[in-house]
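J.: could you look at this predicted model? Sequence included:
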Amino acid sequence: MIRLAKISEIPEILCLTRDCADFMANNGIYQWNEHYPSCMIFEKDIARSELYVLEKDNHIIGTLVISSLMDEAYRPVQWLTPNSKNVYIHRLSVLPKHQGKGYAQKLMDFAEDHAKQQDYISIRLDTFSQNKRNQRFYETRGYQKLGDIYFPKQSEHPFHCYELVL
């Protein structure tokens with residue numbers, strides 16, 4: 001079941017994202033760290049009703065943010081569509097022991113269906129340039145790689161921006 005997250009679930013969500021960060025780091029992908037994602041970020045996501053969780057057997061095994069807010073870091077990117085009626089995906093995660101079972105696909109199916117139902121014209125996101133698995137995941141779904149942005153608190157490496165026109 002995919003549903004909106006509750007403020008009381010932030011500790012469980014932080015454990016999940018820390019497990020994901022550790023898993024990535026153990027595989028040489030330093031995408032998430034002690035600065036990101038944070039409790040404060042998740043609190044804002046929940047306040048804006050943008051953070052969704054995927055539950056299995058009463059446990060949160062995945063997260064996804066669906067936002068209509070464009071981060072300033074995205075402004076220089078040459079997007080395929082005008083900067084209106086776009087949705088942005090952030091903080092997609094699946095607990096490592098549940099990865100490879102189609103749960104990320106389910107979360108993205110949910111996000112894409114949500115965007116279509118709300119009459120958005122595209123879905124935009126970024127993924128770490130060193131995370132080749134994520135790049136293949138989005139490209140297989142039809143997302144087009146457009147340009148790079150940087151988040152210095154996360155990494156010296158760029159993040160690739162992607163867009164799917166709906």
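T.: Sure thing, it's come through. All values reported here derive from a predicted model rather than from experimental measurement. Residues are numbered from 1 along each chain as shown.
J.: ok, residue 42 - how many residues close by?
T.: Other residues near residue 42 come to 22 when the count uses other Cβ atoms under 10 Å. Any C-beta I mention is one placed from the backbone N, CA and C, and that applies to glycine too.
J.: A strand includes residue 14, no?
T.: No. Residue 14 is assigned helix when assessed by DSSP: H, G, I helix; E, B strand; the rest coil, not a strand.
J.: give me the nearest residue to it, chain neighbours excluded.
T.: Spatially, and ignoring its direct neighbours in sequence, residue 14 is nearest to residue 39 (6.2 Å; Cβ to Cβ, 6 or more residues apart in numbering).
J.: hmm, the one you found is touching residue 15, no?
T.: No. Using Cβ atoms under 8 Å, residue 39 makes no contact with residue 15, being 11.5 Å away.
J.: what about the closest residue to residue 141 other than its chain neighbours, distance to residue 64?
T.: Leaving aside its sequence neighbours, residue 141 sits nearest to residue 108 (Cβ to Cβ, 6+ apart; 6.3 Å). Relative to residue 64, residue 108 is positioned 8 Å away (Cβ to Cβ, to the nearest Å).
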